[in-house]
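My questions concern the predicted model and sequence given below.
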Amino acid sequence: MDRHRTPHPAPPTARPEARRRAPVLRLAATLVAGALALGGCGVRLESPPPAEPSPDAIEQVRARTVDDALALADAARAAAPSADEATRAVLDDVATFSDQHVEALGGVYDSGLPDATPTPAPAATSPAVTDVTGVLSALVDDAARAADDADDVPDGALARLVASVSVARDALADRLAAVTGVPRPDPALAAPDGTAGTAATATADPTVTPPGAAPTGGAAPGDATPAASAGAKALALAHDEAAWTLAVLAARTTDERRATLLAAADGHRRASDAWAATAGVVGQPTDPRRSAYALPGGLDDPTVADALPRTLEQAVADASAQAVDDAPAGARAEAIASLRTATAAAVAWGAAPVPFPGMPELATPPVG
């Protein structure tokens, strides 16, 4: 053994303050581990419950239209048992169409969040509608409200759907008033300034629109956005084709329908000029109107000839609904009115009532 080898130094002795700090560190580690375990189990300390999101303008319109449809369906079913057969048929359509409106709009909104602490329900401000007169008033009011919502809502696709719902309600109100003999009331709905909304009162009757003028309340000639201009051009084309074709039918007719066909052709010609002016295409190479249009085969068959006017009106209704989608919010009133007028004209020519006027993609095959 080397007696001169330096011995290993002794291991250092822990300082007293370090020994005192060790239990404290172990306690802190235990608390952290416990907090992590609680977090893994889904427990959140002092976390508020999730709140229902506030509906934006689009959701408010959608939900309001759904609520009105649900109330209309309930009212129609409540009034049906005491109604006569003809009235009951219209009330059945009110209920069925309203059910389809609810479905197309997505139904009642459910956030998936647990219900909040229940609070006492407020007292009802008005009794439930259970009579035919009440259903008629509700149809008129709800149609007007939906028309104004369709004009204002930021989303074009929803505007098109809500406008279609409005026009369907308007047509149902006409039918219910006719079958009951009850005068159709004016809408009770009023805008904040105390007047009826623009879309609810706008008219697309070509007889009140000067030839070549833009529809009342619409954009000035050539002042439309590109999308709105496309919608206006499509409407000008649909009206022009209707005017030309109805004039041809009138020339082939010798009975009392001739005057009716000529009057309808003149109205479509005026409307075509008005929409072309709105689009700013009058006298321009971009004017889509033509000098002649193709006629369907078999016009010598009375069935084909009788069906053609309503087919033309339905084409105008489809173009009107698309124009609602294309137009910006606040500038859709005339397109909505055009949809209303074309739908009523199609029914006058024998078309069956439909739940979604101007929306052929939502058409359902007739029953029976």
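Okay, I see it.

all helices in the protein, in order from the N-terminus.
16-40, 57-79, 85-104, 132-152, 156-180, 198-201, 226-251, 257-279, 302-326, 333-348 (DSSP state H).

which non-adjacent residue is nearest residue 77?
residue 95 (5.2 Å; Cβ to Cβ, 6 or more residues apart in numbering). Where C-beta positions appear, they are placed from N, C-alpha and C, glycine not excepted.

what's the neighbour count on the closest residue to residue 264 other than its chain neighbours?
In space, and not counting its chain neighbours, residue 264 is closest to residue 246: 5.2 Å by Cβ to Cβ, 6+ apart. Look at residue 246: counted by other Cβ atoms under 10 Å, it has 24 neighbours.

check contacts around residue 339.
Contacts of residue 339 were listed using Cβ atoms under 8 Å, 6 or more residues apart in numbering, and they are 163-164, 167, 204, 317, 320-321, 324, 357-358.

Most widely separated two among the residues you listed?
164 and 204 (15.0 Å; Cβ to Cβ).

about what we covered before: and the helices of the chain, which is most packed in?
Comparing these by mean neighbour count (mean count of other Cβ atoms under 10 Å), helix 333-348 ranks first with a mean of 26.

That helix - what's its average pLDDT?
Average pLDDT, helix 333-348: 97.

Taking helix 302-326 as reference, get the angle to that helix.
With axes from the mean of the first three to the mean of the last three Cα atoms, to 10 degrees applied, the angle from helix 333-348 to helix 302-326 works out at 160 degrees.

and helix 333-348, C-alpha only, in PDB?
Extracted C-alpha coordinates of helix 333-348, given in PDB (Å, rounded to 0.1, in the frame of the first residue of the first chain):
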ATOM      1  CA  ALA A 333     -87.900  44.100 -52.000                       C
ATOM      2  CA  GLU A 334     -88.700  44.300 -55.700                       C
ATOM      3  CA  ALA A 335     -87.300  40.700 -56.400                       C
ATOM      4  CA  ILE A 336     -89.500  39.500 -53.500                       C
ATOM      5  CA  ALA A 337     -92.500  41.200 -54.900                       C
ATOM      6  CA  SER A 338     -91.700  39.800 -58.300                       C
ATOM      7  CA  LEU A 339     -91.700  36.300 -56.800                       C
ATOM      8  CA  ARG A 340     -95.000  37.000 -55.200                       C
ATOM      9  CA  THR A 341     -96.600  38.200 -58.400                       C
ATOM     10  CA  ALA A 342     -95.300  35.400 -60.600                       C
ATOM     11  CA  THR A 343     -96.400  32.800 -58.000                       C
ATOM     12  CA  ALA A 344     -99.900  34.200 -57.900                       C
ATOM     13  CA  ALA A 345    -100.000  34.300 -61.800                       C
ATOM     14  CA  ALA A 346     -98.900  30.700 -62.000                       C
ATOM     15  CA  VAL A 347    -101.700  29.700 -59.700                       C
ATOM     16  CA  ALA A 348    -104.200  31.800 -61.700                       C
END
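
what's the angle between that helix and helix 257-279?
Interaxial angle of helix 333-348 relative to helix 257-279 (the same axes, to 10 degrees): 160 degrees.

Please renumber the chain so that the first residue is 849 from this point on.
Got it, first residue is 849 now, which makes that one helix 1181-1196.

Surely the residue nearest to residue 1112 touches residue 1115?
No - taking Cβ atoms under 8 Å as the definition, residue 1094 is not a contact partner of residue 1115, at 9.1 Å.

Of the helices of the chain, which shows the lowest average pLDDT?
Lowest mean pLDDT within these: helix 864-888, a mean of 51.

I'd say residue 943 and residue 924 touch.
Yes - Residue 943 lies in contact with residue 924 (Cβ under 8 Å); the separation is 4.2 Å.

Run through who's touching stretch 1017-1030.
In this structure, residues lying in contact with stretch 1017-1030 by Cβ under 8 Å, 6+ apart are 920, 934-935, 937-939, 941-942, 945, 980-981, 983-984, 987-988, 990-991, 994-995, 1031-1032, 1188, 1191-1192, 1195, 1201, 1205.

Which residue, other than its chain neighbours, is closest to residue 1076?
residue 1175 (4.5 Å).

whoops, I mixed them up, residue 911
Per Cβ to Cβ, 6+ apart, closest to residue 911 is residue 957, 5.9 Å.

Make sure residue 977 is actually in contact with residue 916.
No - with contacts counted by Cβ under 8 Å, residue 977 stays clear of residue 916, the gap being 11.6 Å.

Residues in contact with both of those two, list them for me.
Shared contacts of residue 977 and residue 916 (Cβ under 8 Å, 6+ apart): residue 986.

coming back round to it: and the gap between the residue nearest to residue 911 and residue 907?
Using Cβ to Cβ, to the nearest Å, residue 957 is found at 7 Å from residue 907.

ok, now residue 1114?
44 Å.

which ones are touching the residue nearest to residue 1076?
Contacts of residue 1175 (Cβ under 8 Å, 6+ apart): 1004, 1072-1073, 1075-1076, 1079, 1183.

Next: residue 986.
When contacts are counted by Cβ under 8 Å, 6+ apart, residue 986 touches 916, 919-920, 923, 977.
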